[in-house]
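**Student:** Dropping a prediction and its sequence here:
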Amino acid sequence: MKKSIKLKITLWLTALVALLTVVLVVMALVVTNYVGTRTAMEQLEATVRSNIKHIEATDTTPQIDEGFLYYQNGVSTLVYSKSGSLMAGQIPVNFKTSEAFENGVIRTVESGGNSFILLDMWLPYDWEKGVWVRGITDVPDTDYLVRYLLMVSAITLPVFTLLAALGSWFIIKRSFKPLDRINATATAINEAKDLSGRINLPKGNDEFSLLAENFDKMFSRLENSFEAEKRFTSDASHELRTPVAVIKSACEYSQKYDETAEEYTESISVIQRQADRMSVLINQLLSMTRMEQGTEKANFEKLDLGNAVAEICSEAQWQNSNICIDAEKGINVKADKTLLQRLLTNLVENAQKYGKEDGRISVLVKRTDSEAVLSVADEGNGIAAEHLDKIWNRFYQADSSRNSENSGAGLGLAIVQQIARIHGGYMTVESTVGKGSVFSLHLPLD
């Protein structure tokens, strides 16, 4: 059975805490033993040196004054002759060994199952005479400390280990909760095949919050891509059905009934018009899909909107149009000139299709307090109020303002709206039935 990452991290931290506790206990035992022995040695040396000051050398025997302490702080101080005979002091009861003298050497000896610390110091009278001063003390008994530490460790080690396990599991589980939500959301999306699900974690600076935010962005992008693909497939299959049917009917009719060159020419003309219509429709659908998916990137640059519009109008191949241009100069915006040209072309061609024959089309560029406005006005039949909020939808055509002969696929204004959004702007329309319409692009000033 595979262990989860949370369990692995918890086990590792618990084992680390347990090992650290054991190491600390061992170190405490070692330090306790070392410090006890070292303290006893320092006490032994200090006591012996202090007692030596109270021994006065003479030509015959040493004189020991009242300041000499034979037993102090657990240290027994003895005075021996050069030959090793005890002259003063009381040998500890448990000290049974006869240890040779070593001047100035602190050492540990075993005697009668007990451990002692010895220090011998030679106190000379002259070149040949003198006495030995020996200090004896017990090696500190740290067994009770060891037992106490082991008893405390036996209690605290399981407690600390349990606390470490529970604390680690709680913190790790809490920290991994965003990852669980990410996994649950991805699983739900995969099972339901619905990309609308989101993790929606609160904003944060930790790695999981950033990961969740990026996943949400990725899901949004995937959802938009799939939706764009679905719309393209649906729109193409729906809108291409009519021209394909017309082409098929024209071919069948021509095979059965066309006999003269003029009849064949007419059938081919019908097929060609429908093929052109299909080509325009497919190009428009692909363009909208690319813009929705972000694969058709906008190349923004600083433009003088009035100059750009005047240049676009002068290069356009619009026929039978009475176009009046009033473009104020010095209005700077950030825009993609190619997309701006496509937007203006769609608006002008829309005005040509649905305006009066030989009617005037006005192209106006002006500045407001915070916006640059590009307007295209026609003198057509206008659009009824109930249709104004729907004309930006794909394939929508208001029957009262359009005729089947000139109408397109109904994608022109949808593309215009999309281009406006890409530029951070928006579209508005004002229309009066029987008088015409005004379509306006509103862009933020640079």
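**Tutor:** It's in.
**Student:** all helices of the stretch 1-150 of the chain, in order?
**Tutor:** Secondary structure of the stretch 1-150 of the chain (DSSP state H, counting those that start in this stretch): helices at 5-52, 143-175.
**Student:** Give me the buried positions along the last one.
**Tutor:** By neighbour count, with 16 or more other CB atoms under 10 Å as the criterion, the buried positions of helix 143-175 are 149, 153, 157, 160-161, 164-165, 168-169, 172. Any C-beta I mention is one placed from the backbone N, CA and C, and that applies to glycine too.
**Student:** Name the next helix or strand downstream of that helix, please.
**Tutor:** helix 177-192 (DSSP states H and E).
**Student:** pLDDT averaged over that next one - what is it?
**Tutor:** Mean per-residue pLDDT for helix 177-192: 74.
**Student:** what packs against it?
**Tutor:** helix 207-239 (3 or more CB pairs under 8 Å, 6 or more residues apart in numbering; DSSP states H and E).
**Student:** immediately after the helix it packs on, which helix or strand?
**Tutor:** helix 241-257.
**Student:** tilt between the next helix or strand after that following helix and helix 241-257?
**Tutor:** Heading C-terminal from helix 241-257, the first helix or strand you meet, by DSSP H and E, is helix 261-293. Interaxial angle, helix 261-293 versus helix 241-257 (axes from the mean of the first three to the mean of the last three CA atoms, to 10 degrees): 160 degrees.
**Student:** Helix 261-293 packs against which elements?
**Tutor:** helix 207-239, helix 241-257, helix 412-422.
**Student:** Determine how far that helix lies from the middle of the whole chain.
**Tutor:** Centre-to-centre, helix 261-293 and its host chain are 48 Å apart (CA atoms, centre = their mean, to the nearest Å).
**Student:** thought residue 347 was touching residue 417?
**Tutor:** No. If you go by CB atoms under 8 Å, residue 347 and residue 417 don't touch, sitting 11.2 Å apart.
**Student:** Looking at these two, which one has more neighbours?
**Tutor:** residue 347 (25 against 18; other CB atoms under 10 Å).
**Student:** Quick check: chain neighbours aside, which residue is closest to that one?
**Tutor:** Using CB to CB, 6 or more residues apart in numbering and skipping residues adjacent in sequence, the residue nearest residue 347 is residue 376, 4.0 Å away.
**Student:** Serialize the helices and strands packed on helix 261-293 to JSON lines and add fields for distance to residue 110 and mean pLDDT.
**Tutor:** Below are the helices and strands packed on helix 261-293 laid out as JSON lines (distance: least, CB to CB, whole Å; pLDDT from 0 to 100):
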{"stretch": "helix 207-239", "distance to residue 110": "62", "mean pLDDT": "72"}
{"stretch": "helix 241-257", "distance to residue 110": "110", "mean pLDDT": "80"}
{"stretch": "helix 412-422", "distance to residue 110": "95", "mean pLDDT": "84"}
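**Student:** what sits against residue 260?
**Tutor:** For residue 260, the contact set (CB atoms under 8 Å, 6 or more residues apart in numbering) is empty.
**Student:** phi, psi of it?
**Tutor:** Main-chain dihedrals, residue 260, degrees, to the nearest 10: phi -100, psi 170.
**Student:** Ok, residue 176 next?
**Tutor:** phi -90, psi 0.
**Student:** Can you give me the domain boundaries for the protein?
**Tutor:** Taking automatic domain parsing as the criterion, the chain consists of the domains 54-140, 178-239, 246-293, 301-444.
**Student:** Out of those domains, which is closest to residue 39?
**Tutor:** Closest approach to residue 39 among those is made by domain 54-140 (7.3 Å; CB to CB).
**Student:** Tell me which two of the buried residues of helix 143-175 sit farthest apart.
**Tutor:** Across the buried residues of helix 143-175 (CB to CB), the longest gap, 31.6 Å, separates 149 and 172.
**Student:** Check the secondary structure at residue 330 for me.
**Tutor:** coil (DSSP: H, G, I helix; E, B strand; the rest coil).
**Student:** residue contacts, it?
**Tutor:** 304, 306.
**Student:** just use 534 as the starting number from now, easier for me
**Tutor:** Sure, I'll start numbering at 534, so the last one becomes residue 863.
**Student:** returning to that earlier point: what strand or helix carries the residue nearest to residue 880?
**Tutor:** With DSSP H and E as the criterion, residue 909 is inside strand 904-910.
**Student:** where's that strand relative to the chain centroid, distance-wise?
**Tutor:** Distance, centroid of strand 904-910 to centroid of chain: 43 Å (CA atoms, centre = their mean).
**Student:** what does stretch 683-691 give?
**Tutor:** Distance, centroid of stretch 683-691 to centroid of chain: 42 Å (CA atoms, centre = their mean).
**Student:** would you put the C-alpha positions of it in PDB?
**Tutor:** Extracted C-alpha coordinates of stretch 683-691, given in PDB (Å, rounded to 0.1, in the frame of the first residue of the first chain):
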ATOM      1  CA  LEU A 683      16.100   7.700  32.300                       C
ATOM      2  CA  MET A 684      12.800   7.800  34.200                       C
ATOM      3  CA  VAL A 685      12.000  11.300  32.900                       C
ATOM      4  CA  SER A 686      13.000  10.200  29.400                       C
ATOM      5  CA  ALA A 687      10.700   7.100  29.500                       C
ATOM      6  CA  ILE A 688       7.800   9.400  30.200                       C
ATOM      7  CA  THR A 689       8.600  12.400  28.000                       C
ATOM      8  CA  LEU A 690       9.900  10.500  24.900                       C
ATOM      9  CA  PRO A 691       6.500   8.900  24.100                       C
END
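**Student:** okay, now residue 798: neighbour count?
**Tutor:** 11.
**Student:** any idea how far it is from residue 782?
**Tutor:** Separation of residue 798 from residue 782 (CB to CB, to the nearest Å): 17 Å.
**Student:** just to revisit the earlier point, do you know which of the domains of the chain lies nearest residue 556?
**Tutor:** domain 587-673 (23.6 Å).
**Student:** so what's residue 858 bridging to?
**Tutor:** Judged by DSSP bridges, the bridge partners of residue 858 are residue 896.
**Student:** Quick check: it touching residue 840?
**Tutor:** No. At 11.4 Å, residue 858 does not count as touching residue 840 under the criterion of CB under 8 Å.
**Student:** By residue count, which strand of the protein is the longest?
**Tutor:** Secondary structure assigned by DSSP state E gives strand 647-657 as the longest strand of the chain.
**Student:** now for it, which elements pack on it?
**Tutor:** helix 538-585, strand 639-644, strand 663-671.
**Student:** mean confidence score for the first one?
**Tutor:** Averaging the model's pLDDT scores along helix 538-585 yields 82.
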